[in-house]
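Engineer: structure for the following, please:
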Amino acid sequence: MTFVTRFAPSPTGRLHLGHAYSALLAHDMSRREGGLLLLRMEDIDATRCRPEYEAAILEDLAWLGLTWPTPVRRQSEHFTDYASALEKLRNIGVLYRCFLTRREIAEEAMSAPHAPGEGGDGIIYRGPSTPMSEDEQEFRMARGDAFAWRLSMSYSQDLLGEVFARLEFRERDEATKAERSIAARPEIHGDIVLARKDTPASYHLCVVHDDALQGVTHVIRGEDLRDATHVHVLLQRLLGLPQPIYTHHHLLTDETGRRFAKRDRSLTLAALRDAGLAAVDIRARIGLPA
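Structural biologist: Take a look at the predicted model:
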């Protein structure tokens, strides 16, 4: 099996040292395995993603010494693909329309006896106590009310039965390369949104679809996305997609212990390059061999 991994940034700003670590680690691992590194633009957020940021990403990665096959896949060009995946999930009965606004969900959470907490997608929503009737849904849609398609954890559990409780993923240690199995618990995220009117496909849906389509065998990304993997495993099972092996690497921080972020303009690769640093200096700074 050919080793295939990817670096998949969102063009919402300039790359920083944390991005450099993730991209170079994926590059180094693929080269060591005699494999392939793909570049994918995860640009489904039309309000924040910009062409000039994509151009800057390509410039930064080339400066670091990375190469990749072309053309680069841009998720914004493939919403019909994600619509087909969404339709498959609707057909097997694991999605439902949710007409609640973010504010209504927040107010409902505040009034609950036990706060559901927050996840990577905001306040965790466990789903309605009583499903909305078809007549009510038709009325709300005819009135023009906005809704989101949510993945029901209870419907998924009913569909998969005992398989749901046995979901797991393989994780490869960043340093030792040893692999272990981790039990997946997608239910901790509640009923996540897979599509909205303003965003026809979510990160979760797009990423599992594209990883399968592009033959990705190993996903290398930050440990802040480990929790998302629990949801991805469920979507892979529901959609009948292959499951890659995951490496969730440590996150780089500044001298205060704060994670690097796109708002740290002084630590963008462009700023460091303008300050006279070379790609080999970036490698040394983030602890990767030249």
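Engineer: ranges for the helices of the stretch 1-150 of the chain?
Structural biologist: 17-32, 51-64, 79-91, 102-111, 134-142 (DSSP state H, counting those that start in this stretch).
Engineer: shaky segments in the stretch 151-290 of the chain?
Structural biologist: Residue ranges of the stretch 151-290 of the chain with pLDDT under 70: 262-266.
Engineer: picking that back up, quick one, which of the helices of the stretch 1-150 of the chain is packed in tightest?
Structural biologist: helix 17-32 (a mean of 20; mean count of other Cβ atoms under 10 Å). In this view, the C-beta of every residue, glycine as well, is placed from N, C-alpha and C.
Engineer: any idea how far it is from the chain center?
Structural biologist: In terms of Cα atoms, centre = their mean, to the nearest Å, the centre of helix 17-32 is found 17 Å from the chain centre.
Engineer: what does that helix rub up against?
Structural biologist: 3-7, 9, 15, 35-37, 60-61, 64-66, 174, 218, 220-222, 247, 249, 251-252, 259-261, 267, 269, 272, 282-283, 285-289 (Cβ atoms under 8 Å, 6 or more residues apart in numbering).
Engineer: coming back round to it: possible to save the helices of the stretch 1-150 of the chain as TSV with mean pLDDT and distance to G276?
Structural biologist: Shown next, in TSV, are the helices of the stretch 1-150 of the chain (pLDDT from 0 to 100; distance: least, Cβ to Cβ, whole Å):
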stretch	mean pLDDT	distance to G276
helix 17-32	96	16
helix 51-64	98	13
helix 79-91	97	42
helix 102-111	78	45
helix 134-142	94	58
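Engineer: just give me the neighbour total for C49.
Structural biologist: 19 (other Cβ atoms under 10 Å).
Engineer: ok, it to I282 distance?
Structural biologist: 24 Å (Cβ to Cβ, to the nearest Å).
Engineer: do the same with F7
Structural biologist: 15 Å.
Engineer: likewise for G240?
Structural biologist: If you go by Cβ to Cβ, the gap between G240 and I282 works out to 40 Å.
Engineer: look at the two and report which has more neighbours.
Structural biologist: Neighbour comparison, G240 and I282: the larger count goes to I282, with 21 against 8 (by other Cβ under 10 Å).
Engineer: what's the host helix or strand of that one packed up against?
Structural biologist: Per DSSP states H and E: I282 is located in helix 279-286. Applying 3 or more Cβ pairs under 8 Å, 6 or more residues apart in numbering; DSSP states H and E, one finds that helix 279-286 makes contact with helix 17-32, helix 51-64, helix 269-274.
Engineer: identify each buried residue in the host helix or strand of D158, please.
Structural biologist: Following DSSP H and E, one finds D158 within helix 153-160. For helix 153-160, a neighbour-count test (16 or more other Cβ atoms under 10 Å) marks 153, 155-157, 160 as buried.
Engineer: would you list the helices and strands packed on helix 279-286 in CSV and tack on distance to L89?
Structural biologist: CSV is the format used below for these (distance: least, Cβ to Cβ, whole Å):
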stretch, distance to L89
helix 17-32, 29
helix 51-64, 29
helix 269-274, 38
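Engineer: tell me which of those sits nearest to S76.
Structural biologist: helix 51-64 (10.2 Å; Cβ to Cβ).
Engineer: ok, and what's touching the closest one?
Structural biologist: 7, 9, 11-15, 20, 23-24, 39, 41, 43, 68, 72, 269-270, 273, 279, 282.
Engineer: now do the helices in the stretch 151-290 of the chain.
Structural biologist: Counting by DSSP H, counting those that start in this stretch, the helices of the stretch 151-290 of the chain are 153-160, 162-165, 203-213, 226-239, 269-274, 279-286.
Engineer: could I get these as a markdown table with distance to P128?
Structural biologist: Compiled in a markdown table, the helices of the stretch 151-290 of the chain are given as follows (distance: least, Cβ to Cβ, whole Å):
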| stretch | distance to P128 |
| --- | --- |
| helix 153-160 | 10 |
| helix 162-165 | 20 |
| helix 203-213 | 20 |
| helix 226-239 | 20 |
| helix 269-274 | 46 |
| helix 279-286 | 46 |
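Engineer: comparing the ones you listed, which comes out most buried?
Structural biologist: It is helix 203-213: most buried of those by mean count of other Cβ under 10 Å, with a mean of 22.
Engineer: helix 226-239 and that one, what's the angle between them?
Structural biologist: 60 degrees (axes from the mean of the first three to the mean of the last three Cα atoms, to 10 degrees).
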